[in-house]
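Q: fold the following and give me the result.
(2 chains)
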Amino acid sequence: MSSLFQGRVFSNGVSEERKDLLRDVIRSKRFVLVAGILIVLFILPLFAPRFFVYIIALIYVTALLAMSLNMVVGYGGLFQFHHAVFYGVGAYAVALMLTKTSLPMWIGFIVGPIAAAITGLIIGWFCVRLTKLYFGMLQISLGSLIWAIVYRWYSFTGGDDGIHGIHMPAFLSSLNSSYYFILIIFVICLIVMYMILKSPFGNTLQAIRDNSQRCEAVGINVKRYQLLGIVVATFFAGVAGVLFVVLEKSVFAEMLFWVLSLEIFIMCLLGGWFTFAGPILGAAITVALRTFVGRYTEYWTLILGVMLILVIFFLPEGVMGFFQQLLKPGTKEVTERGKG
Amino acid sequence: MTFGPAELLSQLLVGISRSMILFVVCAGLSFVLGVLRIPNIAHGTLYMIGAFATFSITKMFAGSTGFWIALIVAPLLVAVVSLVAERALFCHLYQREHLMLLLFTFAISLILGDLVKIVWGAEYKSVSAPALLKGSISILGASFPRYNLFLILVGPLVAIAIWLFTNKTKIGKISRAAAVDREMVGVLGINVSWVFAIAFVIGCYLAGIGGALVAPTVSITLGMDHTLIIEAFLIVIIGGLGNMWGALVGSLIFGITHSFGVLFWPQFAIVFPYIAVVIVLLLRPKGLLKSVW
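A: I've put the predicted structure just below:
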């Protein structure tokens, strides 16, 4: 059975000339596109209604979470089944610091991602010894352990009620200011993530995904790289958790529940595993579906489920992956093979 | 804190009886995982459908006959739902990798979950146990609900039935063979696609039985599938994938640690089974008993 991940090995087989040519065109167009989108997003709060601004900010937070998962799933090939735990840990860390201590809030903003990364280090340390489904299941059991503790420790975490009405400093109190804060952090994180994935470290991670045995044979410490990948990804998940607190000013135990983990997975799948920006699209689709379809009917998950089935049947590389294939016809036959 | 032997015994029996429901569900999940290699998240939702169907069927009849009829009809209804899903959707995807199948079954579970909401609504439902199994009896000084005793009897019966099916019937043997080497089974001229369909339906039928059995002991509600399926997956993993006896051992570990957790530290009772699972996975990452994978 040829796996989706292994299929990607071949996608570099496009002839070099053609790749360069295409890359130049796409890159210049893409640069204009990205700049244009950024400008629109920055002036958005000036004319858009409040609710819309809130939804867009929620999409940034969710997208950052989905992209952090994609770092280890799409690029790392790991079965990171319980990513939501790290998001929740980041959010709870900052929420607890802001409510239980009187430390300045920026310390909380740093502690959140670091707490998530440390949790990622501990859980990852146990998990990387296993592979595939066993990796995922051990992570789910360790993650569920943390969820169960948060869910039941009423005196400390607020249990299933969560923590509400967290006080934010003055410069983050209005929706527009938190929108800008989230957007700026989001863009910075995107740039850093992009740089990480294009760095030798990112390339090694992808090489391990494609063929871990060969990587081991050439002297790469596979487990250590995977663990480092998990730590980096969980750090960004923690950042997303902090941004969620900035936006919502509350945290819930559901943020650590495994259903959310699968929802993030779905976002990556909808957008496309192997594309950098795919998860953003997937997050946008999911959040928009929940908000706008959720207004008319309470059965929005039904529609999400049907969409997901259609994507799995017809667009196994996700919506973004599909459009990229249209742009680069050379890789098409290769992905057919990848489908197996 | 001190507990008399009576409390410990009754708590142990409660734990075992809860384990039996988990076992029935997990045996089905494990069977599907073993034969079809599908990590079926929709299994939990089928269990929920079984519980809701039991509620409706019990209500249709006066007295306690309704429950006994439901115990037979509700799992069959679940089996029909799963047969439709298998023939319409799953059978086209067997060649895909696990991750895709997992997300696919999650999509099915989302759809089925919303269908349950459409059919039965979002309110809590409850089923009362039949008159025969109401009340409690006393064992060595500990009072013990009759229904739980019934569960403790049913669990081994289901285990024996599954054992007989997989070891003594032709279709069971074929499905075991398909679990080991599906290509070879195909080469021998057996329609593997239908073997898979039957194995899938049987697995889901067990989920339906689990749902029907659990109905009188809990309040039936949306979301009960989410809590169950995660436990079921962990049980199947710690027991050894596709191993029915492993599912039994895993269920007992899960159920008993939980019930003793309730006794010793009620607030964190749900934490104990997860600790047990983590310990098992750290010591024996591939499960306690032999996995068919």
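
Q: where in chain B is pLDDT low?
A: B:1-3, B:292-293 (pLDDT under 70).

Q: please enumerate the strands of it.
A: Shown for chain B, the strands assigned by DSSP state E span residues B:136-139, B:142-145.

Q: please identify the most buried of the ones you listed.
A: strand B:142-145 (a mean of 17; mean count of other C-beta atoms under 10 Å in any protein chain shown). In short, each C-beta sits where N, CA and C put it, glycine included.

Q: near chain A, which residues of the stretch 51-200 of chain B?
A: By C-beta under 8 Å from any C-beta of the partner chain, the residues of the stretch 51-200 of chain B that approach chain A are B:89, B:92-93, B:95-100, B:103-104, B:106-111, B:113-115, B:117-118.

Q: now with 6 Å, please.
A: Contact residues, the stretch 51-200 of chain B versus chain A (C-beta under 6 Å from any C-beta of the partner chain): B:95, B:97, B:103, B:104, B:106, B:107, B:110, B:111, B:114.

Q: of those, which is the most crowded?
A: When neighbours are counted by other C-beta atoms under 10 Å in any protein chain shown, residue B:110 leads these with 28 neighbours.

Q: residues contacting that one?
A: For residue B:110, the contact set (C-beta atoms under 6 Å, 6 or more residues apart in numbering or on different chains) comprises A:301, A:304, A:305.

Q: buried set for the helix or strand the first one falls within?
A: When elements are defined using DSSP states H and E, residue A:301 is found to belong to helix A:300-314. Of the residues in helix A:300-314, A:300, A:301, A:302, A:303, A:304, A:305, A:307, A:308, A:309, A:311, A:312 count as buried by neighbour count, 16 or more other C-beta atoms under 10 Å in any protein chain shown.

Q: elements contacting the helix or strand just after it?
A: Counting by DSSP H and E, the next helix or strand C-terminal to helix A:300-314 is helix A:318-327. Applying 3 or more C-beta pairs under 6 Å, 6 or more residues apart in numbering or on different chains; DSSP states H and E, one finds that helix A:318-327 makes contact with helix A:258-271, helix A:278-288.

Q: out of those helices, which comes closest to residue A:39?
A: Closest of those to residue A:39 is helix A:278-288, at 16.9 Å (criterion: C-beta to C-beta).

Q: buried residues in the closest one?
A: Result for helix A:278-288 [16+ other C-beta under 10 Å]: buried residues A:278, A:279, A:280, A:281, A:282, A:283, A:284, A:285, A:286, A:287.

Q: that one to helix A:258-271, inter-axis angle?
A: 120 degrees (axes from the mean of the first three to the mean of the last three C-alpha atoms, to 10 degrees).

Q: who's in contact with helix A:278-288?
A: Counting by C-beta under 6 Å, 6+ apart, A:58-59, A:62-63, A:66-67, A:70, A:267-268, A:270-272, A:318-320 sit against helix A:278-288.

Q: of the buried residues of helix A:278-288, which pair is most distant in space?
A: Applying C-beta to C-beta across the buried residues of helix A:278-288, the maximum distance is between A:278 and A:287, 15.0 Å.

Q: quick one: the closest residue to residue B:14 other than its chain neighbours from chain A, how far?
A: Spatial nearest neighbour of residue B:14, excluding adjacent residues (C-beta to C-beta, 6 or more residues apart in numbering or on different chains): residue B:259 at 5.0 Å. Distance, residue B:259 to chain A, by C-beta to the nearest C-beta, to the nearest Å: 16 Å.

Q: wait, what's in contact with residue B:259?
A: Residues in contact with residue B:259 (C-beta under 6 Å, 6+ apart) are B:11, B:14, B:15.

Q: just residue A:308 next, same as before
A: With C-beta under 6 Å, 6+ apart, residue A:308 has these contacts: A:266, B:107.

Q: how about the secondary structure of residue A:298?
A: Following DSSP: H, G, I helix; E, B strand; the rest coil, residue A:298 is assigned to coil.

Q: what's the closest non-adjacent residue to it?
A: In space, residue A:298 is closest to residue B:117, 7.3 Å off (C-beta to C-beta, 6+ apart).

Q: how many residues are close by residue A:201?
A: Neighbour tally, residue A:201, other C-beta under 10 Å: 14.

Q: and for residue A:104?
A: 11.

Q: so it versus chain B, what's the distance?
A: Residue A:104 is 33 Å from chain B, where distance means C-beta to the nearest C-beta.

Q: let me see the confidence value for that residue.
A: With respect to pLDDT, residue A:104 scores 78.

Q: next up, phi/psi of it, please.
A: phi -60, psi 150 (degrees, to the nearest 10).

Q: show me which of the residues of the stretch 51-200 of chain B next to chain A is closest to residue B:24.
A: Nearest to residue B:24, judged by C-beta to C-beta, of these is residue B:106 at 22.4 Å.

Q: okay, now the closest residue to the closest one other than its chain neighbours: neighbour count?
A: Spatial nearest neighbour of residue B:106, excluding adjacent residues (C-beta to C-beta, 6+ apart): residue B:41 at 4.7 Å. Residues contacting residue B:41 under the criterion other C-beta under 10 Å number 27.

Q: surely residue B:41 and residue B:109 touch.
A: Yes - here residue B:41 reaches residue B:109: they are 4.9 Å apart, a contact under C-beta atoms under 6 Å.

Q: need the strands for chain A, in chain order.
A: Going by DSSP E, chain A shows no strands.

Q: centroid-nearest residue for it?
A: Nearest to the mean C-alpha position of chain A, by C-alpha atoms, centre = their mean, lies residue A:66 at 1.9 Å.

Q: and the nearest residue to that one once chain neighbours are set aside, what's its pLDDT?
A: Once flanking residues are discounted, residue A:66 sits nearest to residue A:279: 3.6 Å by C-beta to C-beta, 6+ apart. At residue A:279, the model reports a pLDDT of 89.

Q: how near is residue A:279 to residue B:238?
A: Going from residue A:279 to residue B:238 by C-beta to C-beta, to the nearest Å gives 32 Å.

Q: just the helices in the stretch 51-200 of chain A please.
A: A:84-100, A:105-127, A:132-152, A:154-157, A:175-198, A:200-210 (DSSP state H, counting those that start in this stretch).

Q: what residues sit buried inside the shortest one?
A: Buried positions in helix A:154-157, judged by neighbour count with 16+ other C-beta under 10 Å: residue A:157.

Q: so which elements touch that helix?
A: Against helix A:154-157 (3+ C-beta pairs under 6 Å, 6+ apart) you get no helix or strand.

Q: show me how far it is from its chain's centre.
A: 28 Å (C-alpha atoms, centre = their mean, to the nearest Å).

Q: average pLDDT across it?
A: Here helix A:154-157 scores 81 as its mean pLDDT.

Q: what does that helix contact?
A: With C-beta under 6 Å, 6+ apart, helix A:154-157 has contacts from residue A:150.

Q: now do stretch B:226-246
A: A:137, A:141, A:258-259, B:25-27, B:29-30, B:33-34, B:41, B:44, B:47, B:162, B:247, B:249-251, B:254, B:277, B:280, B:287-293.

Q: now with 7 Å?
A: Applying C-beta atoms under 7 Å, 6 or more residues apart in numbering or on different chains, the contact partners of stretch B:226-246 are A:134, A:137, A:140-141, A:144, A:258-259, B:22, B:25-27, B:29-30, B:33-34, B:41, B:43-44, B:47, B:159, B:162-163, B:179, B:247, B:249-251, B:253-254, B:277, B:280-281, B:286-293.

Q: which of the residues you listed are buried?
A: The buried subset of the contacts of stretch B:226-246 (16+ other C-beta under 10 Å) comprises A:134, A:137, A:140-141, A:144, A:258-259, B:22, B:25-27, B:29-30, B:33-34, B:41, B:43-44, B:47, B:159, B:162, B:179, B:247, B:249-251, B:253-254, B:277, B:280-281, B:287-289, B:291-293.
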